[in-house]
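**Student:** Show me the folded form of this:
(2 chains)
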Number of protein chains: 2
Amino acid sequence: MFEAAEVGRKLSKSEFNAAEPELHHSLLSLQQKLRRSKHSLIVIVSGVEGAGKGEIVDRLNKWFDTRDVQTCAYWEESEEEKHRPRMWRFWRDMPMRGNISIMFGSWYTRPIVDAAFGKITEAELDQELGRIRDLERALTADGVIIVKLWFHLPKPEQKERLEQDAKISKFKKSPLLQDFSKHYDQFAKICERALRLTDGGATPWHIIEATNYHYRDFAAGKTIVSRLETVFGSDEQQPAKADPTADSVLDNIESQDSAKITVLDRVDLSQSLTDSEYSQRLSELQKQLHSLAWRMNTMKRNAVLLFEGWDAAGKGSALRRVTAAIDARLYRVIPIAAPTDEEKGHHYLWRFWRHIPRAGRFTMYDRSWYGRVLVERVEGFASADEWQRSYAEINSFEEQLLDHGIMLCKFWVHISKDEQLRRFKEREKDPRKQHKITDEDWRNREKWDAYKLAVNDMIAHTSTSRAPWTLVAGNDKKFARIQILETVAAQLEAMLSD
Amino acid sequence: MFEAAEVGRKLSKSEFNAAEPELHHSLLSLQQKLRRSKHSLIVIVSGVEGAGKGEIVDRLNKWFDTRDVQTCAYWEESEEEKHRPRMWRFWRDMPMRGNISIMFGSWYTRPIVDAAFGKITEAELDQELGRIRDLERALTADGVIIVKLWFHLPKPEQKERLEQDAKISKFKKSPLLQDFSKHYDQFAKICERALRLTDGGATPWHIIEATNYHYRDFAAGKTIVSRLETVFGSDEQQPAKADPTADSVLDNIESQDSAKITVLDRVDLSQSLTDSEYSQRLSELQKQLHSLAWRMNTMKRNAVLLFEGWDAAGKGSALRRVTAAIDARLYRVIPIAAPTDEEKGHHYLWRFWRHIPRAGRFTMYDRSWYGRVLVERVEGFASADEWQRSYAEINSFEEQLLDHGIMLCKFWVHISKDEQLRRFKEREKDPRKQHKITDEDWRNREKWDAYKLAVNDMIAHTSTSRAPWTLVAGNDKKFARIQILETVAAQLEAMLSD
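**Tutor:** Modelled structure (predicted):
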């Protein structure tokens, strides 16, 4: 989830200064609408230590008209608070209709800390998270708008920042902070689980990269604006664009490319292999995979692979290099096209549940359930409500596969926009390939940027430590195929030696 | 929860035969509407062994046009099913839009059995139940209507039935059945937890008393009709009455009183005390309570008492007998009248959270959060959606109190309708009491039956083994006061000797 917030997004000071007045004005005018409404707003400011949560809270207080804003900081519990159930202090601070509470720390803090320090088990953490979901649902149903912001720093950045912080000022640092940074990985795992299990349709998490503080603050403000606009409409009285995911909030800052870097921009597309390197690795890996597949069959384990990627990225030919290695009795390829009538008659996950392999077998999905948050989102086939809630549905589905011991590999085959154009033209010229290029491909290409944001959101919401996405560098087909084969072989190896 | 299904509801054969044709017709005509809609229907038939679930499934198949009905019985998992995540087999059987699945056994079966036999911990059970909630929400959001029926038998009835069953036929009995009945109490506790944690607004549980099979089948059918009518409207095109709780489905069978018995009818109102018995017990109990309250204070524990009941039932005077015993520094009485502006500005539970006592203290609520499912429901101050989801919100709230170690006593002070009339008239005559009787009291009285059903539903959804309701026999005020004092003293004693 966090890799989408480690891409180096930034805004320069001058970019920030140019865009800030409009953002500030939007926040104020939306606050006016909130004031006259039956809604209230809770902004949860959370994330890793060192991300500058205090500064963000200051900034929000500067932006909002503070007459009806309360800032609530939750750290250790007072005597009074310890005497009551742990939600009591949060209930005390619930904003009244028309008002805003900015929560610095929240109901997430204690369960996460307790789980990270081993005070509660994973099942107990889940139980607590279940209660939090119930609380948030009860509040949302009652008209409370909850914006949950998670500020993320990559590990080296956090370390550096905390060290620097220690040099500058001794008393700014809380005593627990050293512990937190030491246990970065453990914390990251717990936080990811907490975020994933509470990433609901009505209360999604917005993970914001906090390395650059202009970007950080701007993205926080824009996220709030975007969310309030879905409720109150924007200033120009346009119908609200219900797209409150963190990574779409910068749609309308056309110029600031550095603020719109996505995980895909971080893929090194220059990677390639020579023909001889390729042939040798291909032959080695296919042999390895062949015997791993039989071992998997003997051990009665099962595996699911899924392939997503740009049109003409080479998904199909890469998939064939995998199947070529495996005995045909052991796998099944499920190509996902438009749903059948029967499939349309069910929940969208039904068609994927059908084909889960039995023990000892593979199912490979050529395109997958992620269509819901890619093509269906971009083309408007699914409503905003539908595709937003599907992140949680997908995570739950995949978790059930993993809990059952099924291996899951998720590939996004990435190519550059130029490379796609080259391949499209090549296909048009080659009579044997003409059938592979349609008007639809050209239309999809026009929506490249929208798809790119959708992919980034998808990674942010569904790439987890247990079910990570593999971003495949696809400009060189040979490199891509080897990368995929290596990933599958390594994951199988790991599963079977468990 | 189950006490509302141990009141002896029944229909005679002739009553059943008279009412059945109309029910059958409603089911068929609603099925027609379902067929043409984007919805599908899942009926979950579950409950204790011996309740006749097989017969109910047969009956439903007789009532529905079976062309688009599939009956799915879930017992042990096949080899194929064991190879996949446990939800796989349920996904396979999901009904298509327009269709109906009757599930005999369901996704609840395995977690309940595993928990009852100690294979999974309570936290793991909760985790599973969380997943079930997510599944049901995902389906509901997609247009699936889920009707969850739980058929209950009181313990002696179940025992007798199973013994009889064993005599009649050896092969009708499953081998596990003997085990189930031996562990009735353990099962009841786990089932209650499972039902309570999955008793959501859109997918409430309907607990149906299965002792009399005419009532059992009729109530099952009526529940389904009532639920479908909230979606499709009734035959007469009236606006749907969104009141799909089990105990309201018999509203329109005016004549059959035996089918509408509620828990309140089971309260023995003839119980009374003589003046001298009363004085002696009162003095003893108040002394005991006085010292228990100080002990509680020393031990830093806290307690919440709440009093609900009919107008003129004597809540106030009983409450005063409790407070008279306790040092005034240790308790606070919160009378609940119409909410203040500030309270209206928050979620309805906010005003009750505020007054949770600190360690060592009591809070006594004179009327309570149950107003949501009593007066607000009956008077229409809360929408059906609002009061229905509040059962789950209330259970979650109370569970948080209990988990924190707070004692909770819930009293419904019951009197007969005649006794109320007598007291109203007495109040009107007595100049010192005239202020206590208003037009509103007379108006409420006219809705006696609606309140009675609401109380029964309330008990069904919120009386749990950890937070049971005490139904107080209030026709004799002396008896009622002693019953309340005894209950408080006993619960305090139990808590403090824990």
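
**Student:** Contact distance from chain B - what residues of the stretch 301-450 of chain A qualify?
**Tutor:** Counting by CB under 8 Å from any CB of the partner chain, the positions of the stretch 301-450 of chain A adjacent to chain B are A:302, A:342, A:344-350, A:353-354, A:356-360, A:386, A:389, A:392-393, A:396, A:400-401, A:403-404, A:406. Bear in mind the C-beta positions are built from the backbone N, C-alpha and C, glycine included.

**Student:** Which of those are buried, as a ChimeraX select command?
**Tutor:** In ChimeraX, this line selects whichever of those come out buried by 16 or more other CB atoms under 10 Å in any protein chain shown:
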select /A:302,345,346,347,348,349,350,353,354,356,357,359,360,386,389,392,393,396,400,401,404,406
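
**Student:** Now, the residues of the stretch 301-450 of chain A next to chain B that are in helices?
**Tutor:** In this view, these that belong to helices under DSSP state H are A:Glu342, A:Lys344, A:Trp350, A:Trp353, A:Glu386, A:Arg389, A:Ala392, A:Glu393, A:Ser396, A:Gln400, A:Leu401, A:Asp403.

**Student:** Just the pLDDT at the residue lying closest to A:Arg351 once chain neighbours are set aside, thanks.
**Tutor:** Excluding the flanking residues, the one nearest A:Arg351 by CB to CB, 6 or more residues apart in numbering or on different chains is A:Glu343, at 4.3 Å. With respect to pLDDT, A:Glu343 has a value of 87.

**Student:** Is A:Glu343 in contact with A:Phe352, as I believe?
**Tutor:** No: look at A:Glu343 against A:Phe352 with CB atoms under 8 Å: they stay out of range, at 9.6 Å.

**Student:** So between those two, which is more surrounded?
**Tutor:** A:Phe352 (22 against 16; other CB atoms under 10 Å in any protein chain shown).

**Student:** just for the stretch 51-200 of chain A, where's the confidence low?
**Tutor:** A:166-182 (pLDDT under 70).

**Student:** in it, which spans are strands?
**Tutor:** With DSSP state E, counting those that start in this stretch, the ranges of strands along the stretch 51-200 of chain A come out as A:69-73, A:100-104, A:144-152.

**Student:** would you turn those strands into JSON lines with distance to A:Ala382?
**Tutor:** Output for the strands of the stretch 51-200 of chain A, formatted as JSON lines (distance: least, CB to CB, whole Å):
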{"stretch": "strand A:69-73", "distance to A:Ala382": "35"}
{"stretch": "strand A:100-104", "distance to A:Ala382": "31"}
{"stretch": "strand A:144-152", "distance to A:Ala382": "22"}
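
**Student:** what's the closest of the ones you listed to chain B?
**Tutor:** Taking CB to the nearest CB, strand A:144-152 is the member of the strands of the stretch 51-200 of chain A nearest to chain B, at 7.3 Å.

**Student:** Does at least one residue of that closest one sit close to chain B?
**Tutor:** Yes: Strand A:144-152 comes into contact with chain B (CB under 8 Å from any CB), by way of A:Val144.

**Student:** count of neighbours near A:Arg432?
**Tutor:** Around A:Arg432 there are 7 residues (other CB under 10 Å).

**Student:** which SS state does it fall under?
**Tutor:** Counting by DSSP: H, G, I helix; E, B strand; the rest coil, the backbone at A:Arg432 sits in coil.

**Student:** residue furthest from the geometric center of chain A?
**Tutor:** A:Pro431 (40.2 Å; CA atoms, centre = their mean).

**Student:** for it, phi and psi?
**Tutor:** For A:Pro431, the backbone dihedrals are phi -60, psi -30 (criterion: degrees, to the nearest 10).

**Student:** ok, now how distant is it from chain B?
**Tutor:** Computed as CB to the nearest CB, to the nearest Å, the A:Pro431 to chain B distance reads 42 Å.

**Student:** and if you look at A:Ala312?
**Tutor:** Note on A:Ala312: its distance to chain B, by CB to the nearest CB, is 33 Å.

**Student:** Would you confirm that A:Gln420 belongs to a helix?
**Tutor:** Yes: counting by three-state DSSP, A:Gln420 is part of a helix.

**Student:** pLDDT at it, what is it?
**Tutor:** For A:Gln420, the pLDDT comes out at 95.

**Student:** before we move on, what about A:Ala246?
**Tutor:** Listed pLDDT for A:Ala246 reads 39.

**Student:** List the beta-bridge partners for A:Ser40.
**Tutor:** For A:Ser40, the beta-bridge partners are A:Val144 (DSSP bridges).
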